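Trainee: my questions are about this predicted structure, shown below with the sequence.
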Amino acid sequence: MSSESEPDAAADVNLVGVLGSSVAILVFVALIGRKEPNQGLDTKLHFLYFGVAACAVILLPSSIAQYVFTELSVTLVGALYPIFRATKAVCTPEEDDDKEWLQYWQLGGVLFCFTSWFDDATASEVASQKILGCLLFIFYWLYCPLTCGALLIYEKVTYPLVAPRLRPLQERMSNFIAATIQLLTNAAHLYFVWIIFMFLPAGVKRICAIAIGTVYPFVCSVTATATEEIEDDTYWLTYWAAYGVLFLIMDTLETFVGWLPGFYTLAIFTTIYLMLPMFRGADKVFRKVLVPLAGLQELLILRDTVMIKKQMLRDLEPERAKIVEQQVALMFGSSQSSDPSALKSELKYGWEYGWGNMKIKNPFSRKKDGYDAPPGETSKLNPIV
């Protein structure tokens, strides 16, 4: 009886050790992540980092490495923590962090999607630990505030050498995708392609699913970071955060249900839904799932407010923009109602009695019952004098 319980006890200890070490690594990464990045300019730190990493991977005993260099720790450092930071970066009003984390996902995101093949290619447990250890240190080197490896690669390689060559490729790929979508709107064509895909081996289906989710977004992300506009950075960073979650779900479920017909087809269609601007699926998943899970709803509202103000200052003349800003501030400061009709009535009153001197066309010109009388003492929104 005792001999049968010994393997179970060892398995429990092993699981607790893996979970404990993985959580400890994540806490360490999060604490170091609070430091200000040094832009990766200190060459000595890079040599020191890789020296420590090489010693840890080579010299760490297997009895300890089995708890540290695991698939769980690589997933936490290479995917889950970057997903959280990417979500937070999109929600913050600052714009530099969008480019910073998009630079990580150009490299780390694509690399992580192919990590399972590294582990499958090795039969030895010790070799698997070494590979996982290398991946763990590489992922962290890319975004560690002390090294900023992704930024270093971007400034030395991606921006001067890769981005100029990928820009025309992006245009050709966009045209090809548009033509493919137009072709597949025909149900017969789509059914024919699906039949061919269903007869492919599972490994080829997986490669197709990952390639669709990484190749074109990688090209677009590189060209986006090379421009000064922030909107395209935010769009693709939102996509990578959503696709990272999708990949983790696909990678977990395919062990159990990957043999079911249509599994990879569903993964591909979901990827397309997240990717294409016509659906804006990534933005919907980001706002409805990732932001609530991260507890960043208030921060996202502030980000949206800043973006609306930027658009207002860009699209309106200064005098009109100032009046709009004042009126919105009054509405937010005085209104306690979330009823759309009540909010519209407040804007209507502000327009008619505060902005009439500018002789601007009133967008609320259609009269409704109860809205055609001047505001009295009970009005929540005072006219601008």
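Mentor: Looks like it came in fine.
Trainee: and F286, what does it touch?
Mentor: 87, 90, 238, 241-242 (CB atoms under 8 Å, 6 or more residues apart in numbering). Glycine gets a C-beta too; all of them are placed from N, C-alpha and C.
Trainee: please tell me how far it sits from S63.
Mentor: As for F286, its distance to S63 is 42 Å (criterion: CB to CB, to the nearest Å).
Trainee: please apply the same query to L136.
Mentor: L136 sits at a distance of 18 Å from S63 (criterion: CB to CB).
Trainee: name the residue in these two with the higher neighbour count.
Mentor: Per other CB atoms under 10 Å, whichever of L136 and S63 has more neighbours is L136, with 23 against 7.
Trainee: mind listing what the more buried one touches?
Mentor: With CB under 8 Å, 6+ apart, L136 has these contacts: 25, 69, 73-74, 77-78.
Trainee: tell me the pLDDT of the residue sitting nearest the centre point of the chain.
Mentor: Geometric centre of the chain, nearest residue: A241, 2.3 Å, by CA atoms, centre = their mean. According to the prediction, A241 has pLDDT 95.
Trainee: who are the contact partners of it?
Mentor: Residues in contact with A241 (CB under 8 Å, 6+ apart) are 83, 86-87, 90, 282, 286, 290.
Trainee: nearest to L15 among these?
Mentor: Nearest to L15 among those is I83, at 23.8 Å by CB to CB.
Trainee: quick one: contacts for the closest one?
Mentor: I83 is in contact with 241, 244-245, 290, counting by CB under 8 Å, 6+ apart.
Trainee: how about 6 Å then?
Mentor: By CB atoms under 6 Å, 6 or more residues apart in numbering, the contact set of I83 is 241, 244.
Trainee: where does it sit, in terms of helix or strand?
Mentor: Applying DSSP states H and E as the criterion places I83 in helix 81-91.
Trainee: pull the distance from that helix to the chain's centre.
Mentor: Distance of helix 81-91 from the chain centroid (CA atoms, centre = their mean, to the nearest Å) equals 6 Å.
Trainee: over to stretch 226-245?
Mentor: With CA atoms, centre = their mean, you get 7 Å for stretch 226-245.
Trainee: now that stretch: buried residues?
Mentor: Of the residues in stretch 226-245, 226, 230, 232-245 count as buried by neighbour count, 16 or more other CB atoms under 10 Å.
Trainee: again, but for stretch 74-90
Mentor: 74-79, 81-90.
Trainee: how long is it from one end to the other?
Mentor: Stretch 74-90 has an end-to-end distance of 23 Å (criterion: CA to CA, to the nearest Å).
Trainee: this completes my enquiry, with thanks.
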